[in-house]
Structure formats: structure tokens, C-alpha cells
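Chemist: Sequence and computational prediction follow.
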Amino acid sequence: MYDRRKFAKVFASLPVTAGLVSLAQRAAGQQVPPANPAKPPAGKGQMDGSPLGDPLPGQRWRVHDRNRPQPRKVTPGLPMAIELPPSDAIVLFDGKNLSQWNGGGRGGVVTEPRWKVENGYVEMVPGTGGLVTKEKFGDIQLHVEWITPTGADPSRVGQQRGNSGIVLMERYEIQVLSSFDNPTYPDGAAGSIYGMYPPMVNPCRPEGEWNSYDIIFESPRFDGEKVVKPACVTLIFNGVLVHHRVELLGSTAVEPIAKYQPHPPEEPFSLQAHAGPVRYRNIWVRRLLGYDA
Ligand code: MG
């Protein structure tokens, strides 16, 4: 008996056959990793980023656990539906301008939005802060489309590759990351609720292809300092359910484990300025008013 995997590895490592394998993969339309990926800078490798945190209650893992299994890959269906906003949606970005947004500097300083609008999308401009909605929201249905473009510096891997995020109420981050072939700690992958839950599966598309998030967010309720009802997230990522009404432990910005800090019932949400590169388009939101409203 021979080990099939070992045989395939040795076969592919031969210079000539490696080239043939690569050509065959390209012909089959498969993603081929670069032959000699540039070495990432120290501390910015595939699994670097936020530090290992506390054990997660009810889970077998710690926050940002590097040993947690990678989410199983799922190829989403085609074509991707471009969902135009329903009639009662608030259109936050239709490809033309940022009139619904402020720029968000560090320390909560509000500025003019300084990301670049072109060709129907808005692109993160490093060093200019995030984008924050002018309007505040509580319970919402939110549609967002995003892409991590091709041509990014190959030495940028893990959390350094395409990192942005949808930060609901400016506290609860749903991660945006280049996650087709870019492993990182699973609770920091695209579609993760950062530091709490990886996506149940990974339906991320390759760089250069658009992804969609349909988010149902229920805001937390507080009575003074007490959490009466935790925040809840449902996320459909490229048409695939990756979170189903999961309860959040608190603000994803708090380490070593998420924790609630009471806040008003409505708050803006932001598009996070992190490593990029990333672009967004077709962003709309519906307020969830319940039955008979
Ligand atoms: Mg992020």
C-alpha cells in the first residue's frame, strides 16, 4: 500500500510535474497559490493578529483559538443575485456618493468620508478612518456586497489581507476578509462574528469576485447596566446560512473576551478601516418593526 496523499505531494514537488499540475489547475479554473509567496513581515503571518483570549462559554475553544478547525468550504451557487433594495429600504450606498455616511476617525472623531467612490463601488483608503452611517439603527435587515480585489501584495496574509468589517452599532463586528484561500484563526475569518463564532461554513468567493452579506441583527436591550436581551445575529453569506440567530457575548472590541457595555437602543454602524484592500457596493437596510407595524 502506498500513501496516496504522500505520493501526490512528492509527484507535485518535482519541478516539471509541478508546472504541469499548475497548468492543469489553471485550465480547470482552480485557484493556484503563488509559486514563491513573499514572506510576511514578522508578527503578520497567517495566524497572527489579535491575541489568544479567554475560553468561550459553551464552546470548546478560546477566543481567537489557532487550533480551532477551519470552517468547511462551500462553493456558493451562481449567479450571485444582485438584490436591489425593496421599496421600504433605506439605501445607504447605490454606487454614486457617500451622502449617507460620515468618516470615522480614531477616538470617535467625525470627519468627511474619505473613501474613494468609482465605478459603482466605494474603496477603502488606508489611513482615512472608516465609514459610519449618519443614521442610527436598532433591529435591522442589512444587505451589503463586498470584494477583496486581486493584485494585493502577496506578503499580506491572514488578518492583513482584505480586512474590513461591518461593525453593527459600532460594537459588534461581522468580519470582512479575503477568506477563499487565506486561512487565519477561524473566529477571524470572513463571516465570523469576530472573536466569538466562525462562520458555520466558508462560502467566500475568490479575490476579484463579489460577495454578499444579508444580516438580520437584533440589538441588545439593557435595563441600566443589566443585559435584558443579548444581541442576536443571523447571517446569510453568498446565499449560504452561516449564523442562525446566534446570541452575542458582547462588544467584539473587548479583550480577552467580548463583553457588553450598555448603550442607546439605536446606534450607527460602520465599515471598518483595517488592512484592506476592500470595496463595497449595494448597501441597503430595512428597519425591523415587527408585526402589525
Ligand atoms: Mg475586521
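Modeler: Arrived safely, thanks for sending. Numbers count the residues shown, from 1 in each chain.
Chemist: And whatever residue of the stretch 151-293 of the chain ends up closest to the ion, how far from Val278?
Modeler: Proximity of the stretch 151-293 of the chain to the ion (Cβ to the ion) peaks at Gly165, 3.4 Å away. (Each C-beta comes from the backbone N, C-alpha and C, glycine too.) Between Gly165 and Val278 the computed distance is 9 Å (Cβ to Cβ, to the nearest Å).
Chemist: Look at these two and report which has more neighbours.
Modeler: Each of Gly165 and Val278 has its neighbours counted (other Cβ atoms under 10 Å); Val278 has more, 27 against 24.
Chemist: Tell me who's in contact with that one.
Modeler: Contacts for Val278 were tallied using Cβ atoms under 8 Å, 6 or more residues apart in numbering; they are Glu123, Met124, Trp146, Ile147, Thr148, Pro149, Gly162, Asn163, Ser164, Val176.
Chemist: Any chance you could list residues touching both of Gly165 and Val278?
Modeler: Common neighbours of Gly165 and Val278 (Cβ under 8 Å, 6+ apart) are Val176.
Chemist: hmm, back to that, return the members of the contacts of Val278 classed as buried.
Modeler: Glu123, Met124, Trp146, Ile147, Thr148, Pro149, Gly162, Asn163, Ser164, Val176 (16 or more other Cβ atoms under 10 Å).
Chemist: Strands of the stretch 101-250 of the chain, start to end?
Modeler: 101-104, 110-111, 116-118, 121-123, 130-133, 140-147, 164-168, 172-176, 201-202, 211-218, 221-223, 226-229, 232-237, 240-247 (DSSP state E, counting those that start in this stretch).
Chemist: Include mean pLDDT and distance to Pro57 when you put these into JSON lines, please.
Modeler: Below are the strands of the stretch 101-250 of the chain laid out as JSON lines (pLDDT from 0 to 100; distance: least, Cβ to Cβ, whole Å):
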{"stretch": "strand 101-104", "mean pLDDT": "94", "distance to Pro57": "31"}
{"stretch": "strand 110-111", "mean pLDDT": "90", "distance to Pro57": "36"}
{"stretch": "strand 116-118", "mean pLDDT": "98", "distance to Pro57": "42"}
{"stretch": "strand 121-123", "mean pLDDT": "98", "distance to Pro57": "37"}
{"stretch": "strand 130-133", "mean pLDDT": "97", "distance to Pro57": "30"}
{"stretch": "strand 140-147", "mean pLDDT": "98", "distance to Pro57": "26"}
{"stretch": "strand 164-168", "mean pLDDT": "97", "distance to Pro57": "21"}
{"stretch": "strand 172-176", "mean pLDDT": "98", "distance to Pro57": "17"}
{"stretch": "strand 201-202", "mean pLDDT": "98", "distance to Pro57": "23"}
{"stretch": "strand 211-218", "mean pLDDT": "98", "distance to Pro57": "20"}
{"stretch": "strand 221-223", "mean pLDDT": "98", "distance to Pro57": "20"}
{"stretch": "strand 226-229", "mean pLDDT": "98", "distance to Pro57": "14"}
{"stretch": "strand 232-237", "mean pLDDT": "98", "distance to Pro57": "16"}
{"stretch": "strand 240-247", "mean pLDDT": "98", "distance to Pro57": "11"}
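Chemist: deepest of those strands, which one?
Modeler: Comparing the strands of the stretch 101-250 of the chain by mean neighbour count (mean count of other Cβ atoms under 10 Å), strand 172-176 ranks first with a mean of 26.
Chemist: can I get the CA coordinates of that strand in CSV?
Modeler: C-alpha atoms of strand 172-176 as CSV (Å, rounded to 0.1, in the frame of the first residue of the first chain):
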residue,chain,number,x,y,z
TYR,A,172,-20.4,44.1,17.1
GLU,A,173,-18.2,43.2,14.1
ILE,A,174,-19.0,40.8,11.3
GLN,A,175,-15.6,40.2,9.8
VAL,A,176,-14.8,41.0,6.1
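Chemist: Show residues contacting that strand.
Modeler: With Cβ under 8 Å, 6+ apart, strand 172-176 has contacts from 146, 148, 162-168, 188-194, 213, 215, 217, 231, 233, 235, 248, 251-253, 272, 278.
Chemist: Equivalent analysis for stretch 146-156, please.
Modeler: Here stretch 146-156 has contacts from 34, 37-41, 44, 121, 161-162, 164, 176-178, 207-213, 275, 277-281, using Cβ under 8 Å, 6+ apart.
Chemist: Put the buried members of these into a PyMOL selection.
Modeler: This is the PyMOL syntax for the buried subset of the contacts of stretch 146-156, where burial follows 16+ other Cβ under 10 Å:
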select buried, resi 40+44+121+161+162+164+176+177+178+207+209+210+211+212+213+275+277+278+279+280+281
